[in-house]
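Novice: what follows is a protein structure lacking sequence information:
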């Protein structure tokens, strides 16, 4: 018999509070340009929960719960994610598409089963293959984005094995999100399609124009969105069709025809400053990295704002144009290596 004098002393140390923390066991850090839905899928997998079941953890019923989270940024689900991961609300908001000026260019959250119809998300097989933890980018939701700027290949919007859309939100098995939820095909193994340099240049210029005009606020006051949505009809490839209603392959065919035509349709605008800015971007193919650096810097500044604040244009477009033209006229500044982002 052990007396109380010989019994070992038991004390609760400070680490006990950590063991009983509300934080989930594994915290997944967001990646550059990652979609909120992609991060949620990786978070679920890391904590041993299949995506469909994880949706119920956040209060969703069956369906495209994570894709809807990108667009609607539901308060209850976001509060759960913030409380259990420690990722701050502004960071989660930056991964979402809530209130995006490019909303009309996003691929729709539907699938009618026809090959010529768009699906909600695209991907680059080589990007997924090179990622330490494969994830889906925000720009892959845009109908105007048809190629990967890093690997110079066309994007894909369906599993090459079974032709299904990307449906990680409905995955019942505990597998990483780069495996097709319908047939299990590894999307990293999908073949890539060749995209000519001229088409890639047009893709990149349209993307840069949209990003900068979205940041400055001019995109909502001009006719650019209407012109982009009408590309299938304008190029005579798919009359009366909207750009967001087509598959990636069909949109690539449209861009092939556009690349053979003058770019007047893209440059024209009632605002002379806007027209001059677009012309400068289209003529600066060799200096596209400067445009990217400028857009990235402005976007980082915009995302520092709290989501509940009304987003105002960060600067006038004429000021941007002046800064850009100065960079173009100064060869020493063009050749200098870019400083690391703060």
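Specialist: Received the coordinates, thanks. This is a predicted model, so every value here is computed, not measured. Residues are numbered from 1 along each chain as shown.

Novice: how near is the residue nearest in space to the middle of the chain to residue 121?
Specialist: The C-alpha lying nearest the average C-alpha coordinate of the chain belongs to residue 138 (Cα atoms, centre = their mean; 0.5 Å). Distance, residue 138 to residue 121, using Cβ to Cβ, to the nearest Å: 10 Å. Glycine gets a C-beta too; all of them are placed from N, C-alpha and C.

Novice: which residues are common contacts for these two?
Specialist: Among the neighbours of residue 138, those also in contact with residue 121 (Cβ atoms under 8 Å, 6 or more residues apart in numbering) are residue 35.

Novice: now do the contacts for residue 170.
Specialist: Going by Cβ under 8 Å, 6+ apart, residue 170 touches 51-52, 62, 64, 181.

Novice: narrow those residues to those that are buried.
Specialist: Neighbour counting over the contacts of residue 170 (16 or more other Cβ atoms under 10 Å) leaves 51-52, 64, 181 as the buried ones.

Novice: could I get those residues as CSV with secondary structure?
Specialist: Shown next, in CSV, are those (DSSP: H, G, I helix; E, B strand; the rest coil):
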residue, secondary structure
51, helix
52, helix
64, coil
181, coil
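
Novice: want to throw those residues into CSV with pLDDT?
Specialist: Formatted as CSV, the buried ones among the contacts of residue 170 follow (pLDDT from 0 to 100):
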residue, pLDDT
51, 95
52, 94
64, 92
181, 95
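
Novice: where do the strands sit along the stretch 151-300 of the chain?
Specialist: 153-154 (DSSP state E, counting those that start in this stretch).

Novice: low-confidence stretches in it?
Specialist: Along the stretch 151-300 of the chain, segments meeting pLDDT under 70 span 285-300.

Novice: returning to that earlier point: between the buried ones among the contacts of residue 170, which is nearest residue 105?
Specialist: Checking the buried ones among the contacts of residue 170 against residue 105 with Cβ to Cβ, the nearest one is residue 64 at 18.7 Å.

Novice: residue contacts, the closest one?
Specialist: Per Cβ under 8 Å, 6+ apart, neighbours of residue 64: 109, 120, 167, 169-170.

Novice: ditto for residue 183
Specialist: Shown in contact with residue 183 (Cβ under 8 Å, 6+ apart): 159, 161-162, 164.

Novice: what's the answer for residue 168, then?
Specialist: Contacts of residue 168 (Cβ under 8 Å, 6+ apart): 37, 41, 51, 66, 177, 181.

Novice: which residue is the nearest non-sequential neighbour of it?
Specialist: Leaving aside its sequence neighbours, residue 168 sits nearest to residue 177 (Cβ to Cβ, 6 or more residues apart in numbering; 4.4 Å).

Novice: verify the contact between residue 87 and residue 80 for me.
Specialist: No: assessed by Cβ atoms under 8 Å, residue 87 is found out of contact with residue 80, at 11.5 Å.

Novice: higher neighbour count, the two?
Specialist: residue 87 (19 against 14; other Cβ atoms under 10 Å).

Novice: OK, contacts around residue 173?
Specialist: Contact analysis of residue 173 by Cβ under 8 Å, 6+ apart lists residue 50.

Novice: over to it: give its phi and psi.
Specialist: Per-residue torsions, residue 173: phi -100, psi 160 (degrees, to the nearest 10).

Novice: pLDDT score assigned to residue 97?
Specialist: On the pLDDT scale, residue 97 is placed at 95.

Novice: quick check: it touching residue 105?
Specialist: No: with contact defined as Cβ under 8 Å, residue 97 and residue 105 do not form a contacting pair (10.6 Å).

Novice: so what touches the helix or strand where residue 56 lies?
Specialist: Assigned by DSSP states H and E, residue 56 belongs to helix 51-57. Here helix 51-57 makes contact (Cβ under 8 Å, 6+ apart) with 40-41, 43-45, 49, 61-62, 65-66, 80, 168-172, 177.

Novice: in this structure, which helix is the longest?
Specialist: Ranked by residue count and defined by DSSP state H, the top helix of the chain is helix 197-216.

Novice: so which elements touch that one?
Specialist: When contacts are defined as 3 or more Cβ pairs under 8 Å, 6 or more residues apart in numbering; DSSP states H and E, helix 197-216 sits against strand 147-148, helix 224-229, helix 248-258, helix 264-267, helix 272-283, helix 288-303, helix 317-329.
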